[in-house]
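Enquirer: Everything below, folded, please.
(one chain, ligands or ions: 1)
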Amino acid sequence: MCGIVGYIGKKPAAKTIVCGLKRMEYRGYDSSGIALVDGEMFLRKCKGKISDLDSKLDYENLTQYHTGIGHTRWATHGVPNEINAHPHTDCNSEIALVHNGIIENYLVLRKKLQEHGHILKSDTDTEVIVHLIEYFYKDNPLIEAVRMALTKVEGTYGIAVVSSREPERIVAAKKGSPLILGVGEDEMIVASDASAIVEHTRKVIYLEDGELVEIKRDGFQTFDINKRIVSKHIEDIDWDIEAIEKQGFDHFMLKEIFEQPETIRNAFRGRVLPLTGNVRLDGLQMTDEELNSIEKIIFIACGTSWHAGLIGEYLIEEYARIPVEAEYASEFRYRKPILNKHELVFVISQSGETADTLAALREAKQKGARVLGITNVVGSTIARETDGGIYIHAGPEIGVASTKAFTSQITVLVLLTILLSRRHDMTLEEGRAVIQALEKVPESVERIFGMNDSIREIAELYKDKSNCLFLGRGLHFPVALEGALKLKEISYVHAEGYPAAEMKHGPIALIDENMPVVFIAVKDEVYDKITSNMLEVKARSGRIIAIASEGDEEIKEIADHVIYIPEHSRIVSPLLTVIPLQMLAYHIAVLRGCDVDQPRNLAKSVTVE
Ligand code: G6P
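Expert: Residues are numbered from 1 along each chain as shown. All right, here's what the predicted structure looks like:
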């Protein structure tokens with residue numbers, strides 16, 4: 001959801017900034033721009049992807065600039081075009097600013113600024129900030145002008161500001177949008193996320209809401225909005241540049257699908273205790289007494305993370321016998337939820353920055369609940385604001401459609417299920433069996449990759465269909481939702497996920513020979529029921545793709561196509577059944593010529609409400 005970057009230091013700024021923007025392009029990709037300062041200002045913006053900006057820049061003639069800022073945009077206010085692209089500048093083209101977030105009182109500010117003679121050129125909310133800075137810049141240094149401007153602004157922001165009058169500094173500030181400062185040797189880089197920074201340094205500081213930072217090439221100083229100096233702790237990022245490169249894969253999504261044996265293993269490694277049939281999740285920071293007194297659990301999340309939460313609900317209710325609800329973050333925060341101190345809230349978020357999830361977290365905390373996080377990005381806002389939690393350790397996920405983060409979230413939820421169930425009815429043997437089942441998953445996922453060619457062939461047959469249904473029961477209902485989401489987000493095929501039995505209450509009306517229906521039909525306690533649903537589809541000439549258990553030959557008589565998955569224990573089933581659905585969505589999108597890693601209108605990290 002918009003990426004911002006600022007660079008000051010020994011290297012030419014233009015190339016460094018554009019490379020940083022490319023790393024963050026998954027955050028937004030409808031327009032981009034760059035501003036460089038050195039006594040005067042160089043500004044270039046354009047509609048489209050970073051590659052369009054890249055091709056417009058004559059780097060040879062920009063080597064004198066060592067300070068600058070850049071932006072990749074996901075439009076909120078104003079259509080994606082060159083005028084609305086960031087950086088935005090003041091009336092004199094002296095100050096340039098990039099912004100991630102939303103300014104809520106921009107209409108009032110805009111009117112006031114116009115009354116003071118400011119000429120605003122764009123339709124964006126952002127532009128008011130740079131004119132406010134201009135207003136205060138007359139008698140103040142840049143850092144003070146930015147601080148004063150921010151006292152007038154309501155909403156969320158991560159900003160970076162440069163001025164041609166003070167080319168030896170960048171001023172950045174944060175409230176509600178992520179911002180990280182990379183501290184290098186004779187260079188500093190500030191960015192919305194660490195992927196733009198790791199190439200230069202692994203030493204970072206995480207800015208907190210309400211903080212401003214004045215950045216020079218050899219140092220920085222942080223302040224709060226009341227001008228008080230704030231001292232910051234420099235932290236280390238524990239992954240490197242390789243983790244955010246494609247490494248020979250055509251797309252990040254494909255690379256991330258194929259990383260899953262490793263990422264699933266990383267999520268349980270060191271946490272399972274095979275001897276005692278239990279797990280350790282020290283990050284929860286809960287005593288035995290607190291764990292024993294949980295009366296209810298609420299999972300709060302958005303998108304794919306919400307699907308993981310729904311799987312968590314099914315697992316924990318079934319195995320640990322604790323009531324659970326999975327809630328959409330955006331709904332939770334506005335529907336006046338009832339919480340008591342024995343209810344435990346988990347927010348689930350890959351990025352740790354999703355605005356609705358963050359707001360729900362704050363709402364739950366404010367109501368006195370203990371709020372824990374299941375996040376991927378270490379040091380993200382959600383990770384820092386929760387009372388404890390579980391990192392999924394999936395490594396950077398760049399493809400906009402989440403894949404490896406989803407399976408890592410489920411893995412962690414299986415661990416949580418073991419932890420809670422062992423305090424209730426799960427026996428030592430059962431605990432050990434679940435751990436064994438989990439340990440087998442990476443190898444089984446590898447075996448599913450062996451079906452890649454058959455899945456591509458199925459994709460060839462159905463790539464031109466306009467609709468697709470995904471049906472599953474029990475634990476596979478959320479998997480059906482996830483399969484449908486994957487397909488619609490990257491291939492723009494209309495897809496719906498449903499509990500298989502609900503098909504009779506509506507979707508069945510859509511079924512004819514043009515409707516592919518994906519069934520998750522592995523051998524479990526609802527197998528007979530799901531095959532009945534398949535027959536209902538077959539009777540109406542629907543085309544059936546079944547995800548089935550290895551060895552199930554009978555299913556071939558009903559389904560048009562079968563994708564087999566290895567035998568497994570029920571509790572880990574979603575970790576396997578979702579893999580072919582990810583692969584199917586990927587191949588259909590590629591065959592339809594879609595931009596798999598950067599689907600239209602979407603963003604990886606949704607930092608606006
Ligand atoms: C966006 C992404 C999804 C993601 C959702 C929640 O919609 O495109 O892939 O599942 O946000 O993001 P989070 O980072 O909170 O898991």
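Enquirer: Name the residue most distant from the centre of the chain?
Expert: residue 139 (41.7 Å; Cα atoms, centre = their mean).
Enquirer: what secondary structure does that one sit in?
Expert: State at residue 139, reduced to three classes by DSSP: H, G, I helix; E, B strand; the rest coil: coil.
Enquirer: cool, residue 145 as well?
Expert: Per three-state DSSP, residue 145 ends up helix.
Enquirer: burial measure for it, as a count.
Expert: 22 (other Cβ atoms under 10 Å). For glycine as for every other residue, the C-beta is placed from the backbone atoms N, C-alpha and C.
Enquirer: one step back: measure the residue farthest from the centre of the chain to residue 117 for me?
Expert: 17 Å (Cβ to Cβ, to the nearest Å).
Enquirer: What residue in the stretch 451-600 of the chain comes nearest to the ligand?
Expert: At 6.8 Å from the ligand, residue 489 is the closest residue in the stretch 451-600 of the chain, using Cβ to the nearest ligand atom.
Enquirer: Can you classify that residue as helix, strand or coil?
Expert: helix.
Enquirer: what separates it from residue 29, distance-wise?
Expert: Counting by Cβ to Cβ, the gap from residue 489 to residue 29 is 14 Å.
Enquirer: circling back: what is the burial count for the residue of the stretch 451-600 of the chain closest to the ligand?
Expert: 23.
Enquirer: and it, what does it touch?
Expert: 400-401, 599, 602 (Cβ atoms under 8 Å, 6 or more residues apart in numbering).
Enquirer: Widest-spaced pair of those?
Expert: 401 and 602 (8.1 Å; Cβ to Cβ).
Enquirer: the more surrounded of the two?
Expert: residue 401 (29 against 17).
Enquirer: Tell me who's in contact with the more buried one.
Expert: Contacts of residue 401 (Cβ under 8 Å, 6+ apart): 253, 304, 486, 489-490, 585, 596, 599.
Enquirer: Sketch out the helices for the stretch 201-350 of the chain, chain order is fine.
Expert: Applying DSSP state H, counting those that start in this stretch to the stretch 201-350 of the chain gives helices spanning 252-258, 260-268, 288-292, 303-320, 329-332.
Enquirer: helices or strands up against the strand or helix carrying residue 98?
Expert: For residue 98, the host element (DSSP states H and E) is strand 95-100. Under the contact definition 3 or more Cβ pairs under 8 Å, 6 or more residues apart in numbering; DSSP states H and E, strand 95-100 sits against strand 3-9, strand 31-37, strand 67-73, strand 88-89, helix 127-137, strand 157-163.
Enquirer: Pull the number of nearby residues for the residue of the stretch 151-300 of the chain found nearest the ligand.
Expert: As assessed by Cβ to the nearest ligand atom, the ligand sits closest to residue 300 within the stretch 151-300 of the chain, at 10.0 Å. Counted by other Cβ under 10 Å, the residues lying close to residue 300 total 30.
Enquirer: Near the ligand, which residues of the stretch 401-550 of the chain? Just list them.
Expert: Proximity of the stretch 401-550 of the chain to the ligand, by Cβ under 6 Å from any ligand atom, involves residues 401-402.
Enquirer: repeat that for 8 Å
Expert: With Cβ under 8 Å from any ligand atom as the criterion, the stretch 401-550 of the chain comes near the ligand at residues 401-402, 405-406, 489.
Enquirer: ok, now the chain?
Expert: Of all the residues in the chain, those lying near the ligand are 301-306, 348-354, 357, 376-377, 382, 400-402, 405-406, 489, 602-606, going by Cβ under 8 Å from any ligand atom.
Enquirer: Where does pLDDT dip in the stretch 101-250 of the chain?
Expert: Counting by pLDDT under 70, the stretch 101-250 of the chain shows no low-confidence range.
Enquirer: Is residue 374 part of a helix or strand, or is it coil?
Expert: Going by three-state DSSP: residue 374 is strand.
Enquirer: Correct me if wrong: it contacts residue 412.
Expert: Yes: taking contacts as Cβ atoms under 8 Å, residue 374 lies within contact range of residue 412: 5.7 Å.
Enquirer: between the two, what contacts are shared?
Expert: By Cβ under 8 Å, 6+ apart, residue 374 and residue 412 have these common neighbours: 390, 392.
Enquirer: Mind pulling the model confidence for the closest residue to the ligand within the stretch 401-550 of the chain?
Expert: Taking Cβ to the nearest ligand atom, the ligand has its nearest neighbour within the stretch 401-550 of the chain at residue 402, 3.8 Å off. At residue 402, the model reports a pLDDT of 96.
Enquirer: how about it, what does it touch?
Expert: Applying Cβ under 8 Å, 6+ apart, the residues near residue 402 are 303-305, 350.
Enquirer: try residue 519
Expert: Applying Cβ under 8 Å, 6+ apart, the residues contacting residue 519 are 471-472, 500, 530, 533-534, 537, 544-547, 559.
Enquirer: With residue 130 instead?
Expert: By Cβ under 8 Å, 6+ apart, the neighbours of residue 130 are 88-90, 95-97, 161.
Enquirer: For those, give me JSON lines that also has distance to residue 449 and neighbour count.
Expert: Output for the contacts of residue 130, formatted as JSON lines (distance: Cβ to Cβ, whole Å; neighbours: other Cβ atoms under 10 Å):
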{"residue": "88", "distance to residue 449": "46", "neighbour count": "27"}
{"residue": "89", "distance to residue 449": "50", "neighbour count": "21"}
{"residue": "90", "distance to residue 449": "54", "neighbour count": "22"}
{"residue": "95", "distance to residue 449": "52", "neighbour count": "29"}
{"residue": "96", "distance to residue 449": "47", "neighbour count": "27"}
{"residue": "97", "distance to residue 449": "46", "neighbour count": "30"}
{"residue": "161", "distance to residue 449": "47", "neighbour count": "29"}
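Enquirer: Next, work out how far apart residue 508 and residue 555 are.
Expert: 20 Å.
Enquirer: mean confidence for stretch 598-605?
Expert: Across stretch 598-605, pLDDT averages out at 78.
Enquirer: what do you get for stretch 40-52?
Expert: Mean predicted confidence for stretch 40-52 is 93.
Enquirer: cool, and stretch 305-314?
Expert: pLDDT averaged over stretch 305-314 gives 98.
Enquirer: which residues are in contact with that stretch?
Expert: By Cβ under 8 Å, 6+ apart, stretch 305-314 touches 297, 299-301, 324-329, 346, 348-350, 354, 357, 374, 402, 405-406, 409-410, 413, 416-417, 474-475, 477-479, 481-482, 485, 574.
Enquirer: With stretch 439-446 instead?
Expert: So stretch 439-446 is in contact with 260-262, 264-265, 268, 272, 407, 411, 565-566, 568, 572, 575-576, 579, going by Cβ under 8 Å, 6+ apart.
Enquirer: how about a cut-off of 6 Å?
Expert: With contacts defined as Cβ atoms under 6 Å, 6 or more residues apart in numbering, stretch 439-446 is touched by 260-261, 264-265, 566, 568, 572, 575-576, 579.
Enquirer: what separates the closest residue to residue 250 other than its chain neighbours from residue 44, distance-wise?
Expert: Using Cβ to Cβ, 6 or more residues apart in numbering and skipping residues adjacent in sequence, the residue nearest residue 250 is residue 590, 7.5 Å away. Between residue 590 and residue 44 the distance is 32 Å, computed by Cβ to Cβ.
Enquirer: same deal with residue 511?
Expert: Distance from residue 511 to residue 44, by Cβ to Cβ: 52 Å.
Enquirer: can you pull out the strands in the stretch 151-300 of the chain?
Expert: Taking DSSP state E, counting those that start in this stretch to define them, one finds strands in the stretch 151-300 of the chain at 157-163, 170-175, 180-183, 187-191, 203-206, 211-216, 219-224, 229-230, 235-236, 272-273, 278-279, 296-301.
Enquirer: Understood, closing this out.
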